[in-house]
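Trainee: here is my input, please return the structure:
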Amino acid sequence: VQLVESGGGSVQAGGSLKLSCEMSGYTYTSKPCMGWFRQSPGKEREEVARIATGSGNTYYANSVKGRFTISQVDQLSLHMRDLNVNDTGMYYCAATERGCYATATPIDEYKFWGQGTQVTVS
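Mentor: So this is what the prediction gives:
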């Protein structure tokens, strides 16, 4: 399974960006849980948003709720608006071998990761 992110870049505070993630080689029977994570220097990787690709149910971290929108049509996307400096980081898309948990999906369940795309807000 291969995940490839695109769409990162530098933007001023208050601006918008759209991240995309294309997945290939997924042959499991279950529709995966897919998520966006971000990591800043010196901080742990945190889950930003998640989508159950079977049901379409979504989850957002409180810090991005109302500003970010995750979707999955052909490819995984993350629409980000009203960006602030705290949104700066390397953004990764990830996928599981099975569906999302009913509650939080443990990060260890995400077996497939992209290489990341940098988002810098100034």
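
Trainee: what about the strands in the protein?
Mentor: Along the chain, counting by DSSP state E, strands occupy 2-6, 9-11, 17-24, 33-39, 46-52, 58-60, 68-73, 75-80, 89-96, 110-113, 117-121.

Trainee: tell me the strands beside the second one, with direction?
Mentor: For strand 9-11, the paired strands and their directions (DSSP bridges) read strand 117-121 (parallel).

Trainee: including mean pLDDT, could the strands of the chain go into JSON lines?
Mentor: Output for these, formatted as JSON lines (pLDDT from 0 to 100):
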{"stretch": "strand 2-6", "mean pLDDT": "97"}
{"stretch": "strand 9-11", "mean pLDDT": "97"}
{"stretch": "strand 17-24", "mean pLDDT": "97"}
{"stretch": "strand 33-39", "mean pLDDT": "97"}
{"stretch": "strand 46-52", "mean pLDDT": "96"}
{"stretch": "strand 58-60", "mean pLDDT": "96"}
{"stretch": "strand 68-73", "mean pLDDT": "96"}
{"stretch": "strand 75-80", "mean pLDDT": "97"}
{"stretch": "strand 89-96", "mean pLDDT": "97"}
{"stretch": "strand 110-113", "mean pLDDT": "96"}
{"stretch": "strand 117-121", "mean pLDDT": "98"}
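
Trainee: report pLDDT for Ser40.
Mentor: Model confidence at Ser40, given as pLDDT, is 93.

Trainee: quick one: furthest residue from the center of this protein?
Mentor: In terms of distance from the mean C-alpha position of the chain, Thr29 ranks first, at 21.8 Å (C-alpha atoms, centre = their mean).

Trainee: separation between that one and Gln75?
Mentor: 20 Å (C-beta to C-beta, to the nearest Å). C-beta here means a position set from N, CA and C on the backbone, and glycine is covered the same way.

Trainee: over to Tyr110?
Mentor: 17 Å.

Trainee: neighbour-wise, which of those two wins?
Mentor: Tyr110 (22 against 16; other C-beta atoms under 10 Å).

Trainee: the residue nearest the centre of the chain pairs with what?
Mentor: Among the residues of the chain, the one closest to the centroid is Trp36, at 1.3 Å (C-alpha atoms, centre = their mean). Assessed by DSSP bridges, Trp36 has beta-bridge partners Ala49, Cys93.
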